[in-house]
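1. with the sequence up front, the predicted model follows.
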There are 2 protein chains.
Amino acid sequence: MHEIYLDWAATALPDSFALKVLKETSLECYGNPSSPHSIGNKAHDLLESGRDLLAAQLDCRNDELYFTSGATEANNMILFSLVKRALILKKEFSSYTIIISALEHSSLWEPVLVLKRLGFKLKVIYPNSMGIIEAATLAQALDRQTVMVIIMLVNNETGAVQPVTELAETVKTYSQKSGRKIIFHCDIAQAFGKIPVSLHKLHIDSACLSAHKLGAGKGIGALFLNKQVEIDFLYRGGDQEMHKRPGTENAPGIYSFAKMAEKKQHALQKNLKNAARLTDYLISEIEHLPHAVILPEQRTAGDTVHYSPYILPIAFPPLAAEVVVRVFNEQNIFISTGSACHSHKKERTRVLESMGIPAHLTASSIRVSTGTETTQADITSFLAAVKTNILPLQQQIESDPHNTGKGGGF
Amino acid sequence: MHEIYLDWAATALPDSFALKVLKETSLECYGNPSSPHSIGNKAHDLLESGRDLLAAQLDCRNDELYFTSGATEANNMILFSLVKRALILKKEFSSYTIIISALEHSSLWEPVLVLKRLGFKLKVIYPNSMGIIEAATLAQALDRQTVMVIIMLVNNETGAVQPVTELAETVKTYSQKSGRKIIFHCDIAQAFGKIPVSLHKLHIDSACLSAHKLGAGKGIGALFLNKQVEIDFLYRGGDQEMHKRPGTENAPGIYSFAKMAEKKQHALQKNLKNAARLTDYLISEIEHLPHAVILPEQRTAGDTVHYSPYILPIAFPPLAAEVVVRVFNEQNIFISTGSACHSHKKERTRVLESMGIPAHLTASSIRVSTGTETTQADITSFLAAVKTNILPLQQQIESDPHNTGKGGGF
């Protein structure tokens, strides 16, 4: 049976091009990039070609990119560098405030909670009802203890695009006025390769990215760190990655990631147009259905300014999200209840709740996320399953209010 | 020209079997293991099959293995968990002592130096002239502040096999007597898949391992953590790896690592015998040459009790190690000056110096490390290059003491 994969935001289908590059370079450039001979040099050159190529796609300098095992590691590196800084400078953790948006992925949200537990001050800033952090909200939160601001570019659950350039400017302005250096860290994992991203233009200090979100290998990512920012990271080992990130570099995996990024950038506008067309079709069809709600409700077809067309949350009240996912699963249609990386159940609805979406909608919200191989036929199949399998279930439960849809029948 | 690769300890030749498994599972089990649908479940099942399989090879429980980006990450996780522990318990860092052997790899040595800088107490214990840490040395170092003991299984520069079971027993005995829990952490990256390793029998608390040392992918490794030890790690994110290590799991890479480990375990005795035969041949030939010295000088052919036959350091005084590597490189023979992961130049000779080897030998020592594809012909070619290219150079320099061999001519 044909698999209809609509969970690209969790991970993209692996691209056979990336696998081919990985295999070829694994065999050709097999050395340890740190080894002092030709075989090592060949692997080292491959690694640096990957860095150059990726930097060109991101519009940053090649010596601003450090390869990691993924976005999660990059995020933790940035956050826990604050612990080292405080300890080395013998400062109280409580003299540092971190501002974080309520929209952030678990890989930033959870380590920030650890920092809070250790004594750091935390300020959470909330988005408006469209799921967007406003510059005025951020401006109000900034204070003389702020050391870091964390706001993502594209939200992984709603697709909402944050006005990062404006937000970063707000921080820069405050920073210059107060004479206090504040790091602006931005998660671009759901943005890069999907919507136009120029690190140079974003004016941020650091960013995390992930290879598998683009169809390259899992276990590969990168940290961007603006050359003007000096950060001393916690983990240590060999000399790799300009002393910023130890461990034998996965040169073939990194090069394959960079080649994949290049491929994505070349086709970005074409893919973006196609994704917008599919999402617009999906939104306009969903809008005609009773009891199916696009989240947030203000989102309209054609709004590519505020939303990435690759991600669309839909609620089917009163069905629980887990039930909806299961019903689709039985039809070989694969969607998710939200982020794949929930740390606990309450986490699942954190982002949508922060936008003020009521509980009966957040409880039933699912995420449809598309990718380069998604077709109009996939969306049509999804809509057919909504009509054939979801709507009757909603009606059945509405006529029997004791049935929450959580029963074992599905 | 045929490449003679004798730097397997830096990284093994990639095994085409591992690459095949990686490619197939990447395409078949492409989901995010945390996704709540069949595609996610398939990836999750693959991941757990990998864990089961690897646990079987290591002789440990499957819920004692946590996949990481490599041995370096596993080592840093263990070490920096001490920072978290001290901070949560509000203990002074200086109330914790870490005992580390002078033999350890940069990925333990360097982070331990960071801990020292932060205030932790450090005790370095030294090996005997054979490169082996004696239980009596460890027993003397243990004190009531000791929280962790770090001793590797097979040294990556000399091949010396540490008596880890005995060392771990020494710690256990002290621990029971003093009522103080001490973590025994062991780097098994150069041991696993090469010499027999049973984690159950080693009686250690934690261990790090690396996939690429076995011919599987770079950027993959694991942390073993004895079920009886509870450690709270610093980095956080999603629920992955039983909450111990966040980030989307590279299920295909992990499974390919486990399958590769199984292959290595099956052929372990055969490969070990072959490696011993090659090394014995190399040792006996080198012994006949003037000015070529096996390190340590006590090491004899046939001693597989104290040394892994996969690693052999040789010195060619008065030539600088860098010169020797370069001369071999010109003959398409690839050896290294020691560990590929030196943090700085002084690091290169740290291990050999700790054994009391004099500077004129450590300065000229190189490491020959073999693997499953190394042949007798490779060793013969190496020996021929020693006679044709290295010995004349040694003689030339000896007859002209102003020439250190560091000149541009080589």
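-> Cool, got the structure.

2. correct me if wrong: residue A:138 contacts residue A:151.
-> Yes - here residue A:138 reaches residue A:151: they are 7.4 Å apart, a contact under CB atoms under 8 Å. To be clear about C-beta, it is placed using only N, CA and C from the backbone, and glycine gets the same treatment.

3. can you pull the residues that touch both of the two?
-> Here residue A:138 and residue A:151 have A:125, A:167 as joint contacts, going by CB atoms under 8 Å, 6 or more residues apart in numbering or on different chains.

4. more neighbours: these two, which one.
-> Between residue A:138 and residue A:151, counted using other CB atoms under 10 Å in any protein chain shown, the more crowded position is residue A:151 (26 against 23).

5. quickly list what residue A:97 is bridged to.
-> With DSSP bridges applied, residue A:97 shows beta-bridge pairing to residue A:121, residue A:146.

6. over to the residue of the stretch 101-250 of chain A found nearest chain B: give its phi and psi.
-> Closest residue of the stretch 101-250 of chain A to chain B, CB to the nearest CB: residue A:238 (3.0 Å). Dihedral pair for residue A:238: phi -80, psi -170, per degrees, to the nearest 10.

7. gap between it and residue B:206?
-> Counting by CB to CB, to the nearest Å, the gap from residue A:238 to residue B:206 is 21 Å.

8. just the CA trace of stretch A:36-48, in PDB.
-> The C-alpha trace of stretch A:36-48 is given here as PDB (Å, rounded to 0.1, in the frame of the first residue of the first chain):
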ATOM      1  CA  PRO A  36      49.000  13.600   9.600                       C
ATOM      2  CA  HIS A  37      49.200  11.900   6.100                       C
ATOM      3  CA  SER A  38      47.700  12.100   2.700                       C
ATOM      4  CA  ILE A  39      44.700   9.900   3.600                       C
ATOM      5  CA  GLY A  40      44.000  12.200   6.500                       C
ATOM      6  CA  ASN A  41      44.500  15.300   4.400                       C
ATOM      7  CA  LYS A  42      42.000  14.000   1.900                       C
ATOM      8  CA  ALA A  43      39.300  13.600   4.600                       C
ATOM      9  CA  HIS A  44      40.300  17.000   6.000                       C
ATOM     10  CA  ASP A  45      39.900  18.600   2.500                       C
ATOM     11  CA  LEU A  46      36.500  16.900   2.100                       C
ATOM     12  CA  LEU A  47      35.400  18.300   5.500                       C
ATOM     13  CA  GLU A  48      36.600  21.800   4.600                       C
END
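
9. which residues are contacting it?
-> Stretch A:36-48 has contacts (CB under 8 Å, 6+ apart) with A:25, A:28-35, A:62, A:67, A:249, A:251-252, A:254-255, B:3, B:5, B:7, B:10, B:322, B:325, B:328-329, B:332, B:334-337, B:340.

10. which residues in chain A form helices?
-> A:16-28, A:38-58, A:71-88, A:106-118, A:135-141, A:164-178, A:199-202, A:251-266, A:268-287, A:321-330, A:350-354, A:359-362, A:376-385, A:391-399 (DSSP state H).

11. okay, stretch A:351-371 in CSV with CA atoms only?
-> Output of stretch A:351-371 as CSV, limited to C-alpha atoms (Å, rounded to 0.1, in the frame of the first residue of the first chain):
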residue,chain,number,x,y,z
VAL,A,351,3.3,26.0,21.9
LEU,A,352,-0.3,26.2,20.8
GLU,A,353,-1.4,27.1,24.3
SER,A,354,1.1,30.0,24.4
MET,A,355,-0.8,31.5,21.4
GLY,A,356,-4.0,31.4,23.4
ILE,A,357,-5.6,28.6,21.5
PRO,A,358,-8.3,27.0,23.6
ALA,A,359,-7.7,23.5,25.2
HIS,A,360,-10.5,21.8,23.1
LEU,A,361,-8.5,22.7,20.0
THR,A,362,-5.0,22.1,21.2
ALA,A,363,-6.0,18.7,22.5
SER,A,364,-7.2,17.6,19.0
SER,A,365,-4.5,19.4,16.9
ILE,A,366,-2.3,17.4,14.5
ARG,A,367,0.5,18.6,12.3
VAL,A,368,0.6,18.1,8.6
SER,A,369,4.1,18.7,7.2
THR,A,370,5.0,18.4,3.6
GLY,A,371,8.3,18.1,1.7
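
12. check which residues of that stretch are buried.
-> By neighbour count on 16 or more other CB atoms under 10 Å in any protein chain shown, the buried set for stretch A:351-371 is A:351-355, A:357, A:361-371.

13. centre of the chain to that stretch, how far?
-> Centroid separation for stretch A:351-371 versus its chain: 16 Å, with CA atoms, centre = their mean, to the nearest Å.

14. what of stretch A:46-53?
-> Relative to the chain's own centre, stretch A:46-53 is displaced by 23 Å; criterion: CA atoms, centre = their mean.

15. residue ranges in chain A under the pLDDT threshold?
-> Within chain A, the stretches with pLDDT under 70 are A:1, A:341-345, A:401-410.

16. tell me which parts of the stretch 101-250 of chain A are close to chain B?
-> Proximity of the stretch 101-250 of chain A to chain B, by CB under 8 Å from any CB of the partner chain, involves residues A:105-107, A:110-111, A:113-114, A:117-119, A:210, A:212, A:217-220, A:234-240, A:243, A:246-250.

17. for ChimeraX, write a command that selects the buried ones of these.
-> Selection of buried members from those for ChimeraX, criterion 16+ other CB under 10 Å:
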select /A:105,106,107,110,111,113,114,118,210,212,217,218,219,220,234,235,236,237,238,239,240,243,246,247,248,249,250
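
18. so which of the helices of chain A gets nearest residue B:185?
-> helix A:71-88 (19.9 Å; CB to CB).

19. that closest one to helix A:106-118, inter-axis angle?
-> Here helix A:71-88 runs at 20 degrees with respect to helix A:106-118, directions being taken by axes from the mean of the first three to the mean of the last three CA atoms, to 10 degrees.

20. other SSEs contacting helix A:71-88?
-> Contact analysis of helix A:71-88 by 3 or more CB pairs under 8 Å, 6 or more residues apart in numbering or on different chains; DSSP states H and E lists strand A:65-68, helix A:106-118, strand A:146-150, strand A:183-187, strand A:206-210, strand A:221-225, helix B:71-88, helix B:106-118 as its packing neighbours.

21. packing partners of the last one?
-> Packed against helix B:106-118 by the contact rule (3+ CB pairs under 8 Å, 6+ apart) you find helix A:71-88, helix B:71-88, strand B:97-101, strand B:121-125, strand B:183-187.
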